[in-house]
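Peer 1: Pasting a predicted model and its sequence here:
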Amino acid sequence: MNRIAIVVAAGLALFSAEIANAQVTPSKDANAVRREVESLNRAMEAAVARGDLKGAAAFYADNAVVRSAHSVEAQGRAAVDRYFLGISNAKSWKLDIYGVTAARESNLVYQTGRSTLVHGSPERTSVVQFLVVWERQRDGALKIVLDYYHVPEPAGR
């Protein structure tokens with residue numbers, strides 16, 4: 001099984017039975033959902049670029065889980081805020097989208113991609129692959145409920 005399939009399987013296993021059992025087939029307007037997710041990604045990047053890490057954290061639901069391949073990094077509003085505020089000297093964040101799929105008859109949208117974060121002093125670049133599960137809130141906005149990421153394997157493995 002390839003690494004991204006493992007990430008998807010592990011991410012979904014961590015979530016509720018409702019998500020694990022969701023029918024993942026494209027919604028009627030998959031292009032509109034993809035454009036919405038792309039717009040949210042650009043807004044998150046802009047928040048980091050202007051130094052508004054709490055603003056970047058605001059894209060996550062109050063019950064969100066941020067998980068790496070090794071541990072839960074943050075769970076819940078306060079922890080997600082602390083997670084983002086703990087990023088030292090953030091300079092830029094680039095979110096490349098691999099895919100976006102909306103689950104039919106569900107409030108869920110699945111996104112896979114690559115994150116490139118430039119931060120720290122001395123400056124360093126962190127590159128990870130991710131699975132994000134967005135959930136449509138009562139007000140119609142999409143918020144991240146699960147952010148699962150891992151460091152990609154070196155090429156040629």
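Peer 2: Structure received. Numbering: from 1, shown residues only.

Peer 1: ok, the closest residue to residue 81 other than its chain neighbours to residue 76 distance?
Peer 2: In this structure, residue 81 finds its nearest non-sequential neighbour in residue 57, 4.9 Å apart by CB to CB, 6 or more residues apart in numbering. From N, CA and C alone the C-beta is placed, and that goes for glycine too. Going from residue 57 to residue 76 by CB to CB, to the nearest Å gives 11 Å.

Peer 1: of these two, who's got more company?
Peer 2: residue 57 (23 against 14; other CB atoms under 10 Å).

Peer 1: ok, that one touching residue 80?
Peer 2: Yes. Between residue 57 and residue 80 there is a contact at 5.2 Å, judged by CB atoms under 8 Å.

Peer 1: one step back: quick one, phi/psi of the residue nearest to residue 81?
Peer 2: In terms of degrees, to the nearest 10, the main-chain angles of residue 57 are phi -70, psi -20.

Peer 1: Please apply the same query to residue 69.
Peer 2: phi -60, psi -20.

Peer 1: Now for it, how many residues are close by?
Peer 2: Residues near residue 69, counting by other CB under 10 Å, number 14.
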